[in-house]
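S.K.: here's a sequence, model it:
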Amino acid sequence: MQKDYSPFTPGQPIAPEFFVGRTEQVRALLDRIYRTLSGRLEVVFIGGERGIGKTSLAQFVRWYVEQELKIVGAYVHLGGVRGIEETVRRSIERIVQESMGKSWYQRLRDLVKYIRQVDLFGVTLEFQPPPDLLSTAVRHFPQTLQQLFNALRGNAKGLLLVWDDINGLAQNKEFADWLKSVVDEAAMAKIPVSIVLVGLEEMRVALIRNNESLARLIFPLSIPLWSESECSQFFREAFKRVNVQVKDEALDMMVDFSGGHPALAHEIGDAVFRVDDDGVIDNGDAIKGIGLAAEIVGLKYLEPQVYREIRSERYRKILRILASDPQNWSFKRANIIQRLNQNERQVFDNFLRRMQRLGIIEPDEEGGRGAYRFRNLLHFFYFGLEARRAKEERRK
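M.R.: Okay, the predicted model is just below:
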C-alpha cells in the first residue's frame, strides 16, 4: 500500500487545523486575550514538560484569534536567546514578516525602517536596525507596540506576541525586570496586546525568582497530559484524514502506550502508520509499530550518553520496574528493592547514583527520605513504554 504522507508530525507542532482537545486550556487562554481588547496588556505563561504540546496550543490559539477576533499574531522563537534586544528585534521582524500579503503590510513597512528582503527558499524579511535605534525600541517597548498597533488600526483589534522557548531568557534577571516594567508602562498606555510566554514550568519559577512582582502579573497556564478520550480522538482523527481504519483493540493499545503524552502519541502513530500495509490498523500493526516507536523515542529523546549507559539489560530492567506505573513517576527505594532479585539489589544503589548523575532521576523532597522521581516526563514514559512492550513480548 503506497502512502503519500503520514498524518503524524513527530517532533513538530501540530498544524492548527488538526489540533484536538485542550478545551479548558484554550478557553483560559482566549479569556486572557479577550481582556486585552478593552486596552490592556496581558501576560500568560504556558508551562509544561517537553513535548507536551505547549507550542501547538499557542499556535492554535494564535491562528484562532487571527481568524475570529481580528488580532494580529506573531510567533517568535527565542531558543538560545538570552538578551532583550534580540527578543525585541525578532518580535518586530516577525510582526512585519507575518503581515506580508495583508492590507496593512505597506503601512508597517513605512513605519519599520531597516527591513530588507531576502529571497532564499521563498521570501523572508530581516530587520537589522542600527544599535541605537534598537536600544530605543527596547527602552520604550510599550510605545513601540503602540506605534505598531496604530499602523494596524482599522484592520486589527489587537496584537498577540508568542515568545516560545524562553528558557534562556527566563534565567536573566535583566529580562525579568524589563518585563515587569513593560507590563507597568503598558497598563498606563492602554495597548491591546497579549504576550504569551512558552517554556518549561521551572522557567516560570526562575522568572519570579528574578522579580517577585511577576508572580501577580503573569497568568500561569499549565498543560497536562491528554485524557484517554483526547488521546483516542487524536488517533482516530489522524488516521481518518488518510482513510486508514483503526480497530478498537489496536486503538486502545496505542492510547495506553502513549500515556497521554502528545510527543509519544505522534511517534507511536507515525510508526504504526508506516508498518501498516493494508489500510487497516489491527493488533499486529500496533504491536509492531509500538516496538519501532520505542527504539525511535530512545534514540531521539534520551541524550546519547544516557542511551549508552542504559544498554545494560540489568539497568534497563530496573528502569522498567521504576516506570511500570504510568500514573506515578516517583518511587521509593524501599518499595523497589522488594521487587528486585538478588543480583539487581546488589547494583541498585550504584544505579541510583549513576541515574542521578546522568540527570534521569532526582531526590523527591515531597516524598520523604529515600524517595526519587524522574526529572523528564519523556524519560519516564520511554521506560514505561519499554516495560509494557517487554510484557507484551512475553505474552506472545
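
S.K.: run through the stretch 201-350 of the chain and note the low-pLDDT ranges.
M.R.: The model of the stretch 201-350 of the chain has pLDDT under 70 over residues 303-311, 326-327.

S.K.: recalculate using a threshold of 80.
M.R.: The stretch 201-350 of the chain contains residues with pLDDT under 80 at 298-299, 301-317, 319-320, 322-329.

S.K.: all helices for it, in order.
M.R.: 201-210, 214-217, 228-241, 248-258, 262-275, 283-301, 304-309, 313-322, 333-337, 342-357 (DSSP state H, counting those that start in this stretch).

S.K.: for the longest one, buried residues please.
M.R.: Translated: helix 283-301. Buried residues in helix 283-301, defined by neighbour count with 16 or more other Cβ atoms under 10 Å: 285-287, 289-294, 297-298, 301. Any C-beta I mention is one placed from the backbone N, CA and C, and that applies to glycine too.

S.K.: now swap in the shortest one and tell me
M.R.: For helix 214-217, the neighbour count (16+ other Cβ under 10 Å) marks 214, 217 as buried.

S.K.: for the spatially most central residue of the chain, give me its contacts.
M.R.: The structure's the chain has its C-alpha centroid closest to Lys54; by Cα atoms, centre = their mean the separation is 3.4 Å. Each residue near Lys54 by Cβ atoms under 8 Å, 6 or more residues apart in numbering is listed here: 46-48, 164, 198-199, 223.

S.K.: report how many residues lie close to the closest residue to Gly39 other than its chain neighbours.
M.R.: The shortest distance from Gly39 to any non-neighbouring residue, by Cβ to Cβ, 6 or more residues apart in numbering, is to Lys190 (3.6 Å). As a burial measure, Lys190 scores 12 neighbours (other Cβ atoms under 10 Å).

S.K.: in space, what's closest to Trp63 - neighbours in sequence excluded?
M.R.: Per Cβ to Cβ, 6+ apart, closest to Trp63 is Pro16, 3.8 Å.

S.K.: swap in Phe175?
M.R.: Leu169 is the one closest to Phe175 (Cβ to Cβ, 6+ apart), at 4.7 Å.

S.K.: what residues does the residue located most distally from the centre of the chain make contact with?
M.R.: In the chain, counting by Cα atoms, centre = their mean, Gln342 sits farthest out from the average C-alpha position, at 41.1 Å. Shown in contact with Gln342 (Cβ under 8 Å, 6+ apart): no residues.

S.K.: one more: the one 4 residues further on?
M.R.: Going by Cβ under 8 Å, 6+ apart, Gln346 touches no other residue.

S.K.: same question for Val112.
M.R.: Contacts of Val112 by Cβ under 8 Å, 6+ apart are 92, 96, 127, 148.

S.K.: mind listing what's buried in the strand or helix carrying the last one?
M.R.: Right, the one you point to is Leu148. Assessed by DSSP states H and E, Leu148 sits inside helix 141-152. Buried residues in helix 141-152, counting neighbours by 16+ other Cβ under 10 Å, are found at 141-142, 144-146, 148-149, 151-152.

S.K.: cool, and stretch 313-325?
M.R.: By neighbour count on 16+ other Cβ under 10 Å, the buried set for stretch 313-325 is 314-315, 317-324.

S.K.: next: stretch 152-161.
M.R.: For stretch 152-161, by 16+ other Cβ under 10 Å, it's 152, 156-161.
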